[in-house]
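Asks: got a predicted structure plus its sequence, pasted below:
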Amino acid sequence: MSIIAQFNSMQSQRSRLIRKALDSSLGAGSGPYSPLIAQQLEKVITNVMTRLSPELAVIKTEYAPQRYHEFNRLMALPKANGFMGEGAVTPTHQSFYTRDRVELKVMRRKGAVTNFLQDASKGYIDAAAAEMENHLQSHAYDIITALLWGHAKPNKYGIDGLDALIETNRNNNAIGGEVPQSLSFLDDMIDQNIEKQGAAHVKCFLMSPKMQSAVSRLLTNVRLQQGNAGTATVEISGGWRLETYRNIPILPVSSMGSSRRKMGAITAASGTTNYFRVAIITYDGESEASDVIQGGSSSSVTLNWAAEDGAFYYKIYAGSTEATLKLVAVIPAQTYDGIGTYQAEVAGVTISGNPILPNQPLTLIAPAGITALTTPTITDKLAQDVPFVATGGVVPETVMLWDTDKYQGLGKVPYTNQGGDRFNGLVTIEPLAKTDDFVQFLIRTYFALCPSWEATSVISRGWRAA
């Protein structure tokens with residue numbers, strides 16, 4: 001047998017091995033195509049997205065076979081007031097659209113299992129199947145974090161998520177947060193949606209489990225006063241039965257739980273001009289901000305910190321006083337080389353210009369030989385965001401109303417990995433060439449969140465569960 005034929009045979013065997021891990025439909029029992037684990041990993045992988053998170057159960061995926069997905073961004077409805085005379089000539093009116101496009105980004109992770117581990121553990125677990133499931137879970141969390149908290153401007157390899165896109169309806173409470181005393185804060189968000197013609201759209205609330213419990217207590221009190229002790233629920237994809245408010249499902253989202261983590265200490269190189277806090281974006285969403293420090297000059301400031309494990313972005317807040325801190329920058333948590341390969345974690349930033357003013361150019365501090373990134377300006381609406389600081393041991397958090405309409409909302413997720421047959425095509429899992437004693441596999445997604453119309457979604461920041 002030739003070398004090429006041997007390689008193709010080996011590749012076929014590896015492909016079959018991974019296919020067995022992913023697909024139990026080819027057979028059962030002890031045949032060569034039987035599932036690798038008794039639990040039937042196919043069922044786990046096929047449903048893991050929606051079972052891990054209801055956020056992924058509400059999006060509308062759409063195959064887009066190109067790098068850029070083009071769409072019509074709705075800017076205005078047709079002209080109002082159509083009254084006229086019986087014999088009048090009817091004028092022609094149109095909605096106002098602008099042609100736009102969104103770039104699909106690459107998200108990949110590679111896993112490997114040694115043949116030794118696979119052989120040594122086969123009596124009690126299938127190591128390759130378990131490793132694939134673990135990688136798939138991390139991949140799902142990456143997608144969720146990107147959809148909710150992504151910022152493509154500071155990180156050209158990332159996508160814009162809800163936190164970057166929602167501007168029209170962006171509300172901020174005080175730095176220390178506010179405890180909702182009634183359900184009016186949800187009513188206000190619904191009103192903002194309806195005022196932008198979102199009444200008939202499919203939408204959902206996103207909040208942490210702690211905030212959902214606080215809302216549930218308020219809901220229970222309202223229903224008991226109305227003589228109805230029951231709880232209205234709705235079922236969505238993935239088997240989720242969710243509590244509702246005014247027929248809008250409430251999604252318990254772990255990535256909104258800012259109380260789980262606090263940004264570590266930051267230091268300023270010199271000066272005493274302005275005040276600063278820094279927060280991180282992780283799988284848990286936006287963290288409690290760091291302790292406040294004072295430093296810098298009227299022209300620049302250098303901030304330093306220890307790189308945070310699992311960080312996606314850093315948010316930098318600055319102000320002339322501790323009480324006036326506002327968002328001045330969002331920066332990526334890692335640097336890349338010229339082709340987008342990870343190089344190093346970011347552990348500081350230099351802000352040139354007056355740092356208490358929004359829209360300042362930033363230069364990342366990077367080790368020698370690392371390509372530094374420049375963060376472009378942030379919008380005026382994001383520049384009104386304030387940091388989260390604990391009050392009574394409870395950290396404020398964000399509540400979102402996500403309008404998932406494909407054309408007048410933020411629910412469409414175009415993807416282009418055509419081989420993806422799992423989760424409506426969003427994720428593809430495939431075998432890789434064997435390296436030494438490793439069986440390798442790749443999980444990939446090429447996608448973006450399509451900003452068809454952000455004005456029907458709402459972000460309300462700074463609510464405390466207690």
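Replies: Received the coordinates, thanks.

Asks: where does the stretch 1-150 of the chain have low pLDDT?
Replies: 1-52, 74-75, 77, 93-96, 118, 123-125 (pLDDT under 70).

Asks: tell me where it has helices.
Replies: Taking DSSP state H, counting those that start in this stretch as the criterion, the stretch 1-150 of the chain contains helices spanning 3-22, 41-52, 55-58, 115-120, 127-149.

Asks: now find how far off-centre the fourth one is within its chain.
Replies: The gap between the average C-alpha position of helix 115-120 and the chain average comes to 36 Å, counting by Cα atoms, centre = their mean, to the nearest Å.

Asks: let's see that helix as CSV, backbone CA atoms only.
Replies: Only the C-alpha atoms of helix 115-120 are listed here, as CSV (Å, rounded to 0.1, in the frame of the first residue of the first chain):
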residue,chain,number,x,y,z
ASN,A,115,-4.6,7.2,22.3
PHE,A,116,-3.2,6.1,25.7
LEU,A,117,-5.9,7.9,27.6
GLN,A,118,-8.5,6.5,25.2
ASP,A,119,-7.3,3.0,25.7
ALA,A,120,-6.7,3.2,29.4
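
Asks: helices or strands next to that helix in the packing?
Replies: Packed against helix 115-120 by the contact rule (3 or more Cβ pairs under 8 Å, 6 or more residues apart in numbering; DSSP states H and E) you find helix 127-149, strand 438-447. Every residue, glycine included, has its C-beta placed from N, CA and C.

Asks: then the third one?
Replies: The contact analysis (3+ Cβ pairs under 8 Å, 6+ apart) places helix 55-58 against helix 41-52, helix 127-149.

Asks: show me what counts as buried in the longest one.
Replies: So the one you mean is helix 127-149. Residues of helix 127-149 classed as buried by neighbour count (16 or more other Cβ atoms under 10 Å): 127-133, 135-136, 139-149.

Asks: which helix or strand lies directly C-terminal to it?
Replies: helix 162-165 (DSSP states H and E).

Asks: give me the mean pLDDT for that next one.
Replies: Helix 162-165 carries an average pLDDT of 96.

Asks: cool, stretch 383-403 as well?
Replies: Here the average pLDDT along stretch 383-403 is 94.

Asks: list the buried residues in that stretch.
Replies: Neighbour-count burial for stretch 383-403 [16+ other Cβ under 10 Å]: 385-391, 394-403.

Asks: what does stretch 173-192 give?
Replies: In stretch 173-192, counting by 16+ other Cβ under 10 Å, buried: 173, 175-177, 180, 183, 185-186, 189-190, 192.

Asks: and those, which of them are in strands?
Replies: Here DSSP state E is the test, and the buried residues of stretch 173-192 give no hits in strands at all.

Asks: tell me the one among these nearest to Glu167.
Replies: Comparing the buried residues of stretch 173-192 against Glu167 with Cβ to Cβ picks out Gln192 as the nearest, at 12.2 Å.

Asks: distance-wise, check the closest one relative to Asn274.
Replies: 33 Å (Cβ to Cβ, to the nearest Å).

Asks: what do you get for Arg444?
Replies: Taken as Cβ to Cβ, the span from Arg444 to Asn274 is 43 Å.

Asks: ok, Gln334 next?
Replies: 26 Å.

Asks: of those two, who's got more company?
Replies: More crowded of Gln334 and Asn274, by other Cβ atoms under 10 Å: Asn274, with 24 against 19.

Asks: my guess is that one meets Ile356, correct?
Replies: Yes: judged on Cβ atoms under 8 Å, Asn274 makes contact with Ile356 at a distance of 5.1 Å.

Asks: which neighbours do the two have in common?
Replies: Listed as contacting both Asn274 and Ile356 by Cβ atoms under 8 Å, 6 or more residues apart in numbering are 318-320.

Asks: among the residues you listed, which lie within helices?
Replies: The members of the shared contacts of Asn274 and Ile356 all map outside helices under DSSP state H.

Asks: what subset of these is buried?
Replies: Counted by 16+ other Cβ under 10 Å, the shared contacts of Asn274 and Ile356 give 318-319 as buried.

Asks: next one: the closest residue to Thr363 other than its chain neighbours from Gly296, what distance?
Replies: In space, and not counting its chain neighbours, Thr363 is closest to Thr350: 5.1 Å by Cβ to Cβ, 6 or more residues apart in numbering. Distance, Thr350 to Gly296, using Cβ to Cβ: 10 Å.

Asks: who's more crowded, the two?
Replies: Gly296 (25 against 18).

Asks: let me know the pLDDT of that one.
Replies: Gly296 carries a pLDDT value of 73.

Asks: spit out the contact partners of it.
Replies: Here Gly296 is in contact with 268-271, 273-274, 276, 302, 351, 355 (Cβ under 8 Å, 6+ apart).

Asks: and of the residues you listed, the nearest to Leu449?
Replies: Ile351 (28.3 Å).

Asks: specify the beta-bridge partners of the closest one.
Replies: Val301, Leu362 (DSSP bridges).

Asks: just give me the neighbour total for it.
Replies: For Ile351, using other Cβ under 10 Å, the count is 26.

Asks: distance of Ala128 from Ser138?
Replies: 16 Å.

Asks: can you say which of the contacts of Gly296 are buried?
Replies: Buried among those (16+ other Cβ under 10 Å): 268, 273-274, 276, 302, 351, 355.

Asks: can you lay out these as CSV showing secondary structure?
Replies: Compiled in CSV, those are given as follows (DSSP: H, G, I helix; E, B strand; the rest coil):
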residue, secondary structure
Ala268, strand
Thr273, coil
Asn274, strand
Phe276, strand
Thr302, strand
Ile351, strand
Pro355, coil
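
Asks: pretty sure Ser213 sits against Ala465.
Replies: Yes: the criterion here is Cβ under 8 Å, and Ser213 meets it with Ala465 at 6.9 Å.

Asks: between these two, which one's more packed in?
Replies: Between Ser213 and Ala465, Ala465 has the larger neighbour count (other Cβ under 10 Å), namely 22 against 13.

Asks: tell me which element the more buried one falls in.
Replies: Here Ala465 is assigned to no helix or strand, by DSSP H and E.

Asks: for it, which residues are in contact?
Replies: Contacts of Ala465 (Cβ under 8 Å, 6+ apart): 179, 208, 210-211, 213-214, 259, 394, 397.

Asks: the residues you listed in helices, which ones?
Replies: Those of those lying in helices (DSSP H): 210-211, 213-214.

Asks: now do the strands in the stretch 201-350 of the chain.
Replies: In the stretch 201-350 of the chain, the segments counted as strands under DSSP state E, counting those that start in this stretch are 203-207, 233-236, 240-245, 248-252, 266-268, 274-282, 285-286, 293-295, 300-305, 313-319, 326-332, 334-336, 342-345, 348-352.

Asks: with that, I have no additional questions.
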